[in-house]
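1. Task: produce atomic coordinates for the following.
(3 chains)
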Amino acid sequence: MKRIENHPILTFKRGKKIKFYFEGKEMWGYEGDTIASALVANGVKVFRESIKLHRPRGFYCAIGNCSSCLMTVDGVPNIRTCITPLKEGMHIERIKGKGALHYED
Amino acid sequence: MLPIDGIPTTEDILAKAPPAERMKKGAVAMIECWQEIPCNPCVVSCPTGAITMESLTAIPQIDFDKCIGCALCVAACPGLAILLVDSSKEDGDRVSIPYEFPLPEVGETVDCLNHEGKVICEGVIEKVVHLPAVNKKDKTPIVTIKVPKGYALQVRFFKRR
Amino acid sequence: MKTDVLVIGGGPAGMNAAIEAARAGASVILVERQAHLGGQLVKQTHKFFGWAEKGAGTRGIQLAEEWARAVEEHKNITVLLSSEAIGLYDDGAWMIEQEGKLIPVYPKKIIIAVGAQEKTLPIENADIPGVYGAGAIQTMMHVYGVLPGEKYLIVGAGNIGVILAYQLAQAGAEVKAVVDVLPKLGGAYWVHVTKIRRMGIPLYMKHTVIEIKGDQWVESATIAEIDEKFQPIPGTEKELDVDTIAISIGLSPLTDLMYQAGVELIWIPELGGLVPVHSENMRTTKPNIYVAGDASGIEEATTAALEGKIAGAVAAKDLGLTVNDSDIEEWKNELGQLRDAPLLEKLRHGLHKLHEAAKERGLQ
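-> You can find the predicted model right below:
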């Protein structure tokens, strides 16, 4: 769980620093991060719990296939955090259960 | 054994080694390409036509007498399977390997590893050059290590201390 | 939106399909789920095999950039990023979802090049954080510059597994072991294996992971030798101090969209499982639907790109546009040469089954 600083092949051009919130806690990522990569860089491993057995889940495929990394983002549940770009001020939360939509009349 | 665990036997290595007489004349390429892979950058990179192949998937053949030890094939090989060996100097053999890791300093003492990844001797970094890959899109660092006499056919990697 | 050709997937197959269809004069919409083109090439830092004259020795990341530029510069191609094709509707609309918006696309031809998914390891606790797809770790490491762990066990010593071991070492992580159930190397090129062996990365053949410990996330893994029936041999267990387990036991084509659209699928384990029945021209059993790349059967990026070119050109040809038949023949010929390597016998067996199935159905 760390940012790679020196790599023999790649240079990482990180964008500007972005503040976001995970379970209410302030965290920092970079422009160009997905929500998942920013969480991983901040040491977050558990992204949600499974629906029936409440087992911890992290990311698994990191390319939007598997649904292991679904989270609630700014109140919207079941967002694939591994392919959703991180944005300034986002509020990221673990989903308990299936997540619910709250429609206003 | 190679087909089982990716470690070549002494026979495998000797079958690829340049003749001792040639190694005494100076740096020469040794192609540790074991399998028929659809791949030919080594052939294209060679300025003297020393490396030839019958078809795209054939194992490359090298004419050690035509090889001038320029290391262009070392930089070209996508499998990082080519290196230079040199036993022309009295103070030790030289091994030049493609190295895609944070680079060592010239003069640095390192632990030398064999095909199995075991430390077998001490070495000193003698030279680091960057040669263009065959497509000229990037450069591959090639590190020359001075190793004890007789170790040129064994040393294949090094660990920094 | 109306278009001649809809290409779904912006990896090596999809990008090349779009380029060739557009080159023949077709209007093309290319849909990509990620915020960038390139597919899985964007994390391939190693140099590719193949013909030096045709770009061998180039790293996957560089190929991704070149093809993405060619796509973006082509006036006939519209690229929709962060967009997902979610299905075919009865009126012929392919529904694209882009950041909450729904965009119906009415294409004359569809090329499905959506790639593959990583298989999972069916043992207890393999669902907890710290157990990740090998490709997922590559993505985190090479696209976003983040290492998801420090000490790794890699399960599966095929090309992806051994390449990942090398890449983790390059990024400064520690690889405690690579294990594989086979008694000898299967799909991995030996040069990729020798690269990690000479660095001292342990490789245990005829071994598997039998226990993953950890309550909230991986705290250790136990490996053991297995017998001919793949059962662990008591007394051979080794507990490894790892925080991350990379699973590289194979890929399966992503066939959901094809299935929903009525493309006939067939079970060919050598090609990754369920694959779309298709001809060498990449035509499926559904008129107007073509496939290319890993979605059509698991191979690698160079062959995916060639299949993409063929699919793009054939789709354009079927639209009545002029394409150079000799180009298509040349790409088929190149595919044949790449697939001719002795190591790829299993693949050739699978392709043979596929071509027989296509022939039976009269697919051209």
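2. ok, now which ones touch the residue in chain A that chain C sits nearest to?
-> Per Cβ to the nearest Cβ, A:Gly58 is where chain A lies closest to chain C, at 2.9 Å. Bear in mind the C-beta positions are built from the backbone N, C-alpha and C, glycine included. By Cβ atoms under 8 Å, 6 or more residues apart in numbering or on different chains, the contact list for A:Gly58 reads A:Lys45, A:Val46, A:Phe47, A:Ser68, A:Cys69, C:Ile128, C:Pro129, C:Gly130, C:Val131, C:Tyr132, C:Trp217.
3. Can you tell me the closest non-neighbouring residue to it?
-> Spatial nearest neighbour of A:Gly58, excluding adjacent residues (Cβ to Cβ, 6 or more residues apart in numbering or on different chains): C:Pro129 at 2.9 Å.
4. quick one: the one you found and chain B, what's the gap?
-> Between C:Pro129 and chain B the computed distance is 29 Å (Cβ to the nearest Cβ, to the nearest Å).
5. do A:Tyr60 as well
-> Counting by Cβ to the nearest Cβ, the gap from A:Tyr60 to chain B is 28 Å.
6. One more: C:Gln167?
-> Using Cβ to the nearest Cβ, C:Gln167 is found at 10 Å from chain B.
7. After the helix or strand where C:Ile163 lies, heading C-terminal, what element do we hit next?
-> C:Ile163 is located in helix C:159-170, with elements delineated by DSSP states H and E. The helix or strand immediately downstream of helix C:159-170 is strand C:174-180, counting by DSSP H and E.
8. neighbours around B:Glu105, how many?
-> When neighbours are counted by other Cβ atoms under 10 Å in any protein chain shown, B:Glu105 registers 9.
9. Show the contacting residues for it.
-> Going by Cβ under 8 Å, 6+ apart, B:Glu105 touches B:Ile125.
10. Now do the SS call for it.
-> coil (DSSP: H, G, I helix; E, B strand; the rest coil).
11. buried sites along the helix holding C:Ile163?
-> By neighbour count with 16 or more other Cβ atoms under 10 Å in any protein chain shown, helix C:159-170 contains the buried residues C:Asn159, C:Ile160, C:Gly161, C:Val162, C:Ile163, C:Leu164, C:Ala165, C:Tyr166, C:Gln167, C:Leu168, C:Ala169, C:Gln170.
12. Is any residue of stretch C:247-264 near chain A?
-> Yes. Applying Cβ under 8 Å from any Cβ of the partner chain, one finds stretch C:247-264 in contact with chain A at C:Leu254.
13. before we move on, what about stretch B:114-126?
-> No. Using Cβ under 8 Å from any Cβ, stretch B:114-126 stays clear of chain A, coming no nearer than 15.6 Å.
14. so what's B:Ile62 up against?
-> B:Ile62 neighbours (Cβ under 8 Å, 6+ apart): B:Ala29, B:Ile31, B:Ala50, B:Ile51, B:Thr52.
15. Compile those residues into a markdown table and extend it with columns for pLDDT.
-> Formatted as a markdown table, those follow (pLDDT from 0 to 100):
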| residue | pLDDT |
| --- | --- |
| B:Ala29 | 98 |
| B:Ile31 | 98 |
| B:Ala50 | 98 |
| B:Ile51 | 98 |
| B:Thr52 | 97 |
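16. And for the residue lying closest to B:Met1 once chain neighbours are set aside, the neighbour number?
-> Computed as Cβ to Cβ, 6+ apart, the closest residue to B:Met1 that is not its neighbour in sequence is B:Thr9, at 6.0 Å. As a burial measure, B:Thr9 scores 11 neighbours (other Cβ under 10 Å).
17. quick one: B:Thr9 and B:Leu2, what's the gap?
-> B:Thr9 sits 8 Å away from B:Leu2, going by Cβ to Cβ, to the nearest Å.
18. that older thread, I'd like the distance between the residue nearest to B:Met1 and A:Asn78.
-> Look at B:Thr9 and A:Asn78: by Cβ to Cβ, they are 55 Å apart.
19. what pLDDT, on average, does stretch A:24-33 get?
-> For stretch A:24-33, mean pLDDT is 97.
20. Please work out which residues outside it touch it.
-> A:13-21, A:37-39, A:41-42, A:85-86, A:91, C:144.
21. Just the buried residues of those.
-> Neighbour counting with 16+ other Cβ under 10 Å marks A:Ile18, A:Phe20, A:Ser37, A:Ala38, A:Leu39, A:Ala41, A:Pro85, A:Leu86, C:Tyr144 as buried within the contacts of stretch A:24-33.
22. What about those, which are in strands?
-> Among the buried ones among the contacts of stretch A:24-33, DSSP state E puts A:Ile18, A:Phe20 in strands.
23. now check the longest strand belonging to chain C, is it near chain A?
-> Of all the segments of type strand in chain C, defined by DSSP E, the longest one is strand C:101-112. No. Applying Cβ under 8 Å from any Cβ, one finds strand C:101-112 separated from chain A by no less than 14.4 Å.
24. Quick check: phi and psi at the closest residue to chain B within chain A.
-> Proximity of chain A to chain B (Cβ to the nearest Cβ) peaks at A:Pro8, 5.0 Å away. Dihedral angles of A:Pro8 (phi, psi; degrees, to the nearest 10) stand at phi -70, psi -20.
25. And B:Glu21, by the same measure?
-> Per degrees, to the nearest 10, the backbone of B:Glu21 is at phi -60, psi -40.
26. Next one: C:Asn43 from chain B, what distance?
-> Actually, residue C:43 is Lys. It isn't Asn. Plainly put, C:Lys43 is 15 Å away from chain B if you go by Cβ to the nearest Cβ.
27. and what of C:Gly55?
-> 6 Å.
28. Do I have it right that that residue meets C:Phe48?
-> Yes. Using Cβ atoms under 8 Å, C:Gly55 is in contact with C:Phe48, at 7.2 Å.
29. More neighbours: which of the two?
-> Using other Cβ under 10 Å as the criterion, C:Gly55 and C:Phe48 rank with C:Phe48 on top: 23 against 18.
30. circling back to that earlier point, tabulate the buried residues of helix C:159-170 (CSV), appending distance to B:Glu108.
-> Shown next, in CSV, are the buried residues of helix C:159-170 (distance: Cβ to Cβ, whole Å):
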residue, distance to B:Glu108
C:Asn159, 32
C:Ile160, 33
C:Gly161, 31
C:Val162, 28
C:Ile163, 28
C:Leu164, 28
C:Ala165, 25
C:Tyr166, 22
C:Gln167, 24
C:Leu168, 24
C:Ala169, 19
C:Gln170, 19
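31. Which of these sits closest to chain A?
-> Among the buried residues of helix C:159-170, C:Gln170 lies closest to chain A (Cβ to the nearest Cβ), at 5.6 Å.
32. Not counting residues beside it along the chain, what's closest to that closest one?
-> In space, C:Gln170 is closest to A:Pro8, 5.6 Å off (Cβ to Cβ, 6+ apart).
33. interface residues of chain A facing chain C?
-> So chain A meets chain C at A:1-4, A:6-10, A:12, A:14, A:32-34, A:36-37, A:40-41, A:45-47, A:50, A:55-66, A:82-83, A:85 (Cβ under 8 Å from any Cβ).
34. Now which of those residues would you call buried?
-> Buried by 16+ other Cβ under 10 Å: A:1-2, A:4, A:7, A:9-10, A:12, A:32-34, A:36-37, A:40-41, A:45-47, A:56-66, A:82-83, A:85, out of the residues of chain A next to chain C.
35. hmm, back to that, on the C-terminal side of the longest strand of chain C, identify the next helix or strand.
-> Counting by DSSP H and E, the element after strand C:101-112 in chain order, helix or strand, is strand C:116-118.
36. helices and strands around that next one, which ones?
-> Using 3 or more Cβ pairs under 8 Å, 6 or more residues apart in numbering or on different chains; DSSP states H and E, the elements in contact with strand C:116-118 are helix C:134-138, strand C:251-253.
37. follow-up on the earlier one: from the rest of the structure, what touches the helix holding C:Ile163?
-> By Cβ under 8 Å, 6+ apart, the surrounding residues in contact with helix C:159-170 are A:7-9, B:6, B:100-101, C:45-46, C:134-135, C:137-138, C:141-142, C:147, C:152, C:154-155, C:174-175, C:178, C:180, C:187-189, C:192-193, C:195-196, C:199, C:201, C:203, C:246, C:248, C:300.
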